[in-house]
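> Next comes the sequence, and after it the predicted model I'd like to discuss.
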There are 2 protein chains.
Amino acid sequence: MGKPQRHVFVCSQQRPPGHPRGSCAAKGASPLLQAFWGEPQKRQAYDRVAVTYSGCLGPCDNGPNVLVYPEGVLYSGVTTADVAEIFDSHLEGGQPVERLRAEAGVW
Amino acid sequence: MGKPQRHVFVCSQQRPPGHPRGSCAAKGASPLLQAFWGEPQKRQAYDRVAVTYSGCLGPCDNGPNVLVYPEGVLYSGVTTADVAEIFDSHLEGGQPVERLRAEAGVW
(Lines give C-alpha, C1' and ligand atoms only; values in the text may rest on other atoms or scores of the structure.)
Protein backbone atom coordinates (compact mmCIF):
# COMPACT_ATOMS: atom_id res chain seq x y z
CA MET A 1 0.00 0.00 0.00
CA GLY A 2 1.10 3.58 -0.54
CA LYS A 3 0.84 6.32 2.06
CA PRO A 4 -2.87 6.64 2.91
CA GLN A 5 -4.78 9.80 3.77
CA ARG A 6 -5.95 8.10 6.94
CA HIS A 7 -4.70 5.01 8.72
CA VAL A 8 -6.91 2.98 11.06
CA PHE A 9 -5.35 0.78 13.73
CA VAL A 10 -7.71 -1.79 15.25
CA CYS A 11 -6.44 -3.13 18.56
CA SER A 12 -6.45 -6.92 18.35
CA GLN A 13 -4.62 -7.66 21.58
CA GLN A 14 -5.36 -11.08 23.06
CA ARG A 15 -4.99 -12.09 26.71
CA PRO A 16 -5.73 -15.38 28.46
CA PRO A 17 -9.29 -15.98 29.71
CA GLY A 18 -9.75 -14.44 33.16
CA HIS A 19 -6.90 -11.95 32.75
CA PRO A 20 -7.73 -8.91 34.94
CA ARG A 21 -7.19 -6.41 32.11
CA GLY A 22 -9.40 -8.27 29.65
CA SER A 23 -8.57 -7.55 26.03
CA CYS A 24 -9.96 -6.05 22.86
CA ALA A 25 -9.90 -9.53 21.31
CA ALA A 26 -12.25 -10.75 24.03
CA LYS A 27 -14.53 -7.77 23.36
CA GLY A 28 -15.01 -8.47 19.66
CA ALA A 29 -11.95 -7.04 17.95
CA SER A 30 -11.70 -9.85 15.41
CA PRO A 31 -15.07 -9.32 13.68
CA LEU A 32 -14.51 -5.58 14.03
CA LEU A 33 -11.19 -5.84 12.19
CA GLN A 34 -12.84 -7.88 9.47
CA ALA A 35 -15.52 -5.21 9.10
CA PHE A 36 -12.90 -2.46 8.82
CA TRP A 37 -10.93 -4.52 6.27
CA GLY A 38 -14.04 -5.05 4.16
CA GLU A 39 -14.94 -1.40 3.84
CA PRO A 40 -12.09 -0.07 1.65
CA GLN A 41 -12.89 -2.90 -0.75
CA LYS A 42 -16.55 -1.91 -0.96
CA ARG A 43 -15.63 1.75 -1.41
CA GLN A 44 -12.57 1.24 -3.62
CA ALA A 45 -10.75 3.33 -1.06
CA TYR A 46 -7.47 1.42 -0.84
CA ASP A 47 -5.46 4.45 -1.87
CA ARG A 48 -7.08 6.66 0.76
CA VAL A 49 -7.65 4.52 3.85
CA ALA A 50 -5.36 1.84 5.30
CA VAL A 51 -6.50 -0.62 7.96
CA THR A 52 -3.96 -2.43 10.15
CA TYR A 53 -4.33 -4.46 13.32
CA SER A 54 -2.27 -3.45 16.30
CA GLY A 55 -1.22 -4.38 19.78
CA CYS A 56 -2.59 -2.80 22.95
CA LEU A 57 -3.60 0.87 22.71
CA GLY A 58 -4.12 1.38 26.42
CA PRO A 59 -7.68 1.61 27.74
CA CYS A 60 -8.49 -2.11 27.64
CA ASP A 61 -11.57 -1.74 29.87
CA ASN A 62 -13.31 0.29 27.18
CA GLY A 63 -12.34 -1.78 24.13
CA PRO A 64 -12.44 -2.57 21.36
CA ASN A 65 -10.24 0.45 20.71
CA VAL A 66 -9.60 1.92 17.29
CA LEU A 67 -7.02 4.64 16.59
CA VAL A 68 -7.02 6.89 13.52
CA TYR A 69 -3.99 8.81 12.29
CA PRO A 70 -2.85 11.39 11.32
CA GLU A 71 -5.37 13.03 13.68
CA GLY A 72 -4.64 10.69 16.56
CA VAL A 73 -8.32 10.14 17.37
CA LEU A 74 -8.98 7.18 19.67
CA TYR A 75 -12.36 5.49 19.57
CA SER A 76 -13.51 3.11 22.30
CA GLY A 77 -16.28 0.55 22.52
CA VAL A 78 -16.49 0.35 18.74
CA THR A 79 -18.78 -2.29 17.23
CA THR A 80 -19.23 -3.55 13.69
CA ALA A 81 -22.37 -1.38 13.53
CA ASP A 82 -20.18 1.74 13.83
CA VAL A 83 -17.77 1.00 10.99
CA ALA A 84 -19.72 2.54 8.11
CA GLU A 85 -20.30 5.73 10.10
CA ILE A 86 -16.59 6.01 10.94
CA PHE A 87 -15.77 5.65 7.25
CA ASP A 88 -18.43 8.10 6.08
CA SER A 89 -17.87 10.77 8.69
CA HIS A 90 -14.20 10.58 9.58
CA LEU A 91 -12.11 8.48 7.23
CA GLU A 92 -13.64 9.88 4.08
CA GLY A 93 -15.33 13.02 5.41
CA GLY A 94 -12.74 14.33 7.85
CA GLN A 95 -15.17 14.70 10.79
CA PRO A 96 -14.42 12.44 13.78
CA VAL A 97 -17.40 10.61 15.28
CA GLU A 98 -17.65 12.41 18.62
CA ARG A 99 -19.93 9.90 20.36
CA LEU A 100 -17.27 7.17 20.03
CA ARG A 101 -14.22 9.12 21.12
CA ALA A 102 -12.31 7.88 24.15
CA GLU A 103 -12.96 9.92 27.26
CA ALA A 104 -10.72 12.89 27.93
CA GLY A 105 -8.07 11.83 30.42
CA VAL A 106 -7.85 8.37 28.91
CA TRP A 107 -6.29 9.69 25.70
CA MET B 1 -1.19 5.59 27.92
CA GLY B 2 -2.41 9.08 27.04
CA LYS B 3 -2.19 10.60 23.58
CA PRO B 4 1.49 10.67 22.66
CA GLN B 5 3.33 13.30 20.64
CA ARG B 6 4.56 10.55 18.36
CA HIS B 7 3.42 6.98 17.91
CA VAL B 8 5.68 4.25 16.54
CA PHE B 9 4.20 1.15 14.92
CA VAL B 10 6.64 -1.73 14.51
CA CYS B 11 5.43 -4.29 11.98
CA SER B 12 5.53 -7.69 13.64
CA GLN B 13 3.73 -9.67 10.95
CA GLN B 14 4.57 -13.38 10.91
CA ARG B 15 4.24 -15.74 7.95
CA PRO B 16 5.07 -19.43 7.59
CA PRO B 17 8.66 -20.36 6.64
CA GLY B 18 9.07 -20.28 2.87
CA HIS B 19 6.16 -17.90 2.30
CA PRO B 20 6.90 -15.90 -0.89
CA ARG B 21 6.29 -12.52 0.75
CA GLY B 22 8.56 -13.23 3.70
CA SER B 23 7.70 -11.20 6.78
CA CYS B 24 9.03 -8.56 9.11
CA ALA B 25 9.08 -11.17 11.89
CA ALA B 26 11.47 -13.29 9.83
CA LYS B 27 13.67 -10.21 9.30
CA GLY B 28 14.15 -9.41 12.98
CA ALA B 29 11.02 -7.53 14.01
CA SER B 30 10.85 -9.15 17.45
CA PRO B 31 14.19 -7.89 18.83
CA LEU B 32 13.51 -4.59 17.05
CA LEU B 33 10.20 -4.20 18.89
CA GLN B 34 11.90 -5.00 22.17
CA ALA B 35 14.51 -2.32 21.47
CA PHE B 36 11.80 0.25 20.69
CA TRP B 37 9.88 -0.71 23.82
CA GLY B 38 13.00 -0.30 25.96
CA GLU B 39 13.78 3.21 24.83
CA PRO B 40 10.88 5.20 26.36
CA GLN B 41 11.74 3.55 29.67
CA LYS B 42 15.39 4.65 29.46
CA ARG B 43 14.35 8.16 28.46
CA GLN B 44 11.30 8.47 30.72
CA ALA B 45 9.44 9.36 27.55
CA TYR B 46 6.22 7.42 28.11
CA ASP B 47 4.13 10.57 27.93
CA ARG B 48 5.69 11.63 24.62
CA VAL B 49 6.33 8.47 22.59
CA ALA B 50 4.13 5.38 22.31
CA VAL B 51 5.35 2.12 20.78
CA THR B 52 2.88 -0.47 19.48
CA TYR B 53 3.32 -3.55 17.34
CA SER B 54 1.25 -3.82 14.21
CA GLY B 55 0.25 -6.06 11.35
CA CYS B 56 1.58 -5.77 7.81
CA LEU B 57 2.49 -2.28 6.63
CA GLY B 58 3.03 -3.22 3.01
CA PRO B 59 6.57 -3.43 1.67
CA CYS B 60 7.48 -6.80 3.19
CA ASP B 61 10.55 -7.24 0.99
CA ASN B 62 12.24 -4.29 2.67
CA GLY B 63 11.32 -5.05 6.28
CA PRO B 64 11.43 -4.70 9.13
CA ASN B 65 9.14 -1.72 8.58
CA VAL B 66 8.44 0.94 11.18
CA LEU B 67 5.79 3.65 10.79
CA VAL B 68 5.71 6.91 12.74
CA TYR B 69 2.62 9.09 13.16
CA PRO B 70 1.40 11.82 13.04
CA GLU B 71 3.88 12.48 10.23
CA GLY B 72 3.25 9.17 8.48
CA VAL B 73 6.94 8.46 7.94
CA LEU B 74 7.68 4.85 6.97
CA TYR B 75 11.12 3.43 7.68
CA SER B 76 12.34 0.21 6.07
CA GLY B 77 15.19 -2.16 6.85
CA VAL B 78 15.37 -0.89 10.41
CA THR B 79 17.71 -2.67 12.83
CA THR B 80 18.19 -2.45 16.57
CA ALA B 81 21.26 -0.30 15.86
CA ASP B 82 18.99 2.39 14.39
CA VAL B 83 16.59 2.74 17.31
CA ALA B 84 18.49 5.32 19.37
CA GLU B 85 18.98 7.53 16.28
CA ILE B 86 15.28 7.35 15.41
CA PHE B 87 14.44 8.43 18.97
CA ASP B 88 17.04 11.21 19.09
CA SER B 89 16.40 12.64 15.65
CA HIS B 90 12.74 12.02 14.93
CA LEU B 91 10.71 10.94 17.92
CA GLU B 92 12.19 13.49 20.28
CA GLY B 93 13.80 15.92 17.82
CA GLY B 94 11.19 16.12 15.08
CA GLN B 95 13.61 15.39 12.21
CA PRO B 96 12.96 12.14 10.32
CA VAL B 97 15.99 9.94 9.64
CA GLU B 98 16.21 10.32 5.87
CA ARG B 99 18.55 7.40 5.22
CA LEU B 100 15.98 4.93 6.60
CA ARG B 101 12.88 6.23 4.84
CA ALA B 102 11.03 3.85 2.54
CA GLU B 103 11.63 4.57 -1.14
CA ALA B 104 9.32 6.99 -2.87
CA GLY B 105 6.72 4.99 -4.76
CA VAL B 106 6.57 2.37 -2.02
CA TRP B 107 4.96 4.80 0.44
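Structure's in. What do you need?
> Geometrically speaking, which residue is the centre of chain A?
By C-alpha atoms, centre = their mean, chain A has its centre lying nearest to residue A:66, at 2.4 Å.
> contacting residues around that one?
Contact analysis of residue A:66 by C-beta atoms under 8 Å, 6 or more residues apart in numbering or on different chains lists A:8, A:9, A:10, A:11, A:32, A:36, A:74, A:75, A:76, A:78, A:86. Glycine gets a C-beta too; all of them are placed from N, C-alpha and C.
> Equivalent analysis for residue A:100, please.
A:75, A:76, A:77, A:78, A:82, A:86.
> how much space between it and residue A:60?
17 Å (C-beta to C-beta, to the nearest Å).
> just to revisit the earlier point, which one of the contacts of residue A:100 sits in the busiest neighbourhood?
The most neighbours of any of the contacts of residue A:100, using other C-beta atoms under 10 Å in any protein chain shown, belong to residue A:78, which has 26 neighbours.
> so what's the residue lying closest to that residue once chain neighbours are set aside bridging to?
Take residue A:78 and drop its neighbours on the chain: the residue closest to it by C-beta to C-beta, 6 or more residues apart in numbering or on different chains is residue A:66, 4.8 Å away. Beta bridges link residue A:66 to residue A:10, residue A:75, judged by DSSP bridges.
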